[in-house]
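Colleague: Return atomic coordinates for the entry below.
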Amino acid sequence: MTIKDIAREAGYGVTTVSRVLNGSPNVSEKARQEIMDVVSRNHFRLNNNAKLLKQRAALGTAVVVKGAQNMLFSSILERLQKLLEAAGRSLVISYLDESADEVAEAVRLSREFRTEGVMFLGGDLDHFREGFSQLTLPCVLITSSAQDLGFANLSSITTDDSFAAECAIEHLMSLGHRSIGVLGGNAAGSYPAIRRLHGCRRAFARHGVDFDEGRGLASSKFSVSAGYEAMGRLLDSMPELTAVFAMSDVTAIGAIRAIRDRGLRVPEDISVMGIDGIALGGYLTPRLTTIVQDSERLAEGSVRLLLAALSGAPSTHQIVPFALIHGESATKLA
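Modeller: So this is what the prediction gives:
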């Protein structure tokens, strides 16, 4: 499948598709989501220079992106491309659905393009436990920690997902909210979602609030449409809620639209808080209150880890600090 095929199937121009695949912010969310749906559905691989990769294995780096609609990943990927290309390394990029096996894809890419290293944007740790031993080249996992996996050739860099989610719930609690719903990723396979859920539980327990996960937790993929659908389910199961923590900003954006479509107001009726700190959140009405992950530090740190590993350095695991942005989507309970 080519970029032209994607453009034809998605109904957009080749230039728009190229911008989306290269992480450009100058594309509407609707176009980005529809194009990445086609990319994910067809397991499209963006090969920036396949010929060079095959001819010069020492320059090839594969990047496996887990979650085609994750806008945080888009911003990290844009910086990754610039840094790796500046270091003289060409890329092959593969976009996968959140449920796909990223390790199996990395194995295929390493064999097909003879890459010298692999970078994972997101990952399911079960896939690493089951299949990573097939990869002997240096690898870096971004936005999840691989420290407990014990692979000598796998470094990682991430935000402390558990503490970030705990701080998000603490912030909503500080505003007087106790009926708080959570929009989560797939806790059965998403490591960040699992960690963030643990953080939520700690914050609820610290305040003596009973968190009924059967009513107050709605799982979803990290996308606007999934957030919209999950928020609808949450409003049905927990109509008394006054605040929502969404485990990604794109999920929060979908949630805000769903709340408004029910005739409710944000934040007057329901406060909404996200996590990621994508640029779009600052242009919403209201501006999104969120936990910001430092995409530049994640990108730059991951490249340093990869280059160090290629020079023979041992695997390293790093935590990048986060920050709380006080937007307008969360306010004190009246």
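Colleague: low-confidence ranges in the protein?
Modeller: Residues of the chain meeting the criterion pLDDT under 70: 1, 14-15, 19, 22-26, 45-59, 187-189.
Colleague: Can you give me the end-to-end span of stretch 176-192?
Modeller: Stretch 176-192 has its terminal residues 27 Å apart, counting by C-alpha to C-alpha, to the nearest Å.
Colleague: swap that for stretch 285-297, please
Modeller: 28 Å.
Colleague: Okay, buried residues for that stretch please.
Modeller: For stretch 285-297, burial by neighbour count (16 or more other C-beta atoms under 10 Å) applies to P286, L288, T289, T290, I291, V292, Q293, D294, S295, R297. C-betas here are computed from N, CA, C, even on glycine.
Colleague: elements contacting the strand or helix carrying A7?
Modeller: Secondary-structure assignment from DSSP states H and E places A7 in helix 3-10. If contacts are counted by 3 or more C-beta pairs under 8 Å, 6 or more residues apart in numbering; DSSP states H and E, helix 3-10 sits against helix 14-21, helix 29-41.
Colleague: relative orientation of it and helix 29-41 in degrees?
Modeller: Interaxial angle, helix 3-10 versus helix 29-41 (axes from the mean of the first three to the mean of the last three C-alpha atoms, to 10 degrees): 120 degrees.
Colleague: got the CA coordinates for helix 3-10 in PDB?
Modeller: Provided in PDB are the C-alpha atoms of helix 3-10 (Å, rounded to 0.1, in the frame of the first residue of the first chain):
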ATOM      1  CA  ILE A   3       0.600   7.000   0.400                       C
ATOM      2  CA  LYS A   4      -1.600   7.500  -2.700                       C
ATOM      3  CA  ASP A   5      -3.600   4.400  -1.800                       C
ATOM      4  CA  ILE A   6      -4.200   5.800   1.700                       C
ATOM      5  CA  ALA A   7      -5.200   9.200   0.300                       C
ATOM      6  CA  ARG A   8      -7.700   7.500  -2.100                       C
ATOM      7  CA  GLU A   9      -9.300   5.300   0.600                       C
ATOM      8  CA  ALA A  10      -9.400   8.100   3.200                       C
END
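Colleague: Export the helices and strands packed on helix 3-10 to a markdown table and append columns for distance to R111 and mean neighbour count.
Modeller: Converted to a markdown table, these look like this (distance: least, C-beta to C-beta, whole Å; neighbours: other C-beta atoms under 10 Å):
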| stretch | distance to R111 | mean neighbour count |
| --- | --- | --- |
| helix 14-21 | 23 | 19 |
| helix 29-41 | 22 | 19 |
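Colleague: could those helices go into TSV alongside distance to S75?
Modeller: Below are these laid out as TSV (distance: least, C-beta to C-beta, whole Å):
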stretch	distance to S75
helix 14-21	13
helix 29-41	12
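Colleague: give the contact list for the residue positioned nearest the centre of the chain.
Modeller: By C-alpha atoms, centre = their mean, the chain has its centre lying nearest to N70, at 4.8 Å. For N70, the residues meeting the contact criterion (C-beta atoms under 8 Å, 6 or more residues apart in numbering) are L121, G122, F222, S223, S248, V250.
Colleague: go again using 10 Å as the cut-off
Modeller: 36, 76-77, 95, 98, 121-122, 143, 221-223, 248-250, 276, 278 (C-beta atoms under 10 Å, 6 or more residues apart in numbering).
Colleague: residue ranges for the strands of the protein, please.
Modeller: 45-47, 60-66, 90-96, 117-121, 139-142, 154-159, 180-184, 217-219, 243-246, 271-276, 289-293, 317-320, 322-325 (DSSP state E).
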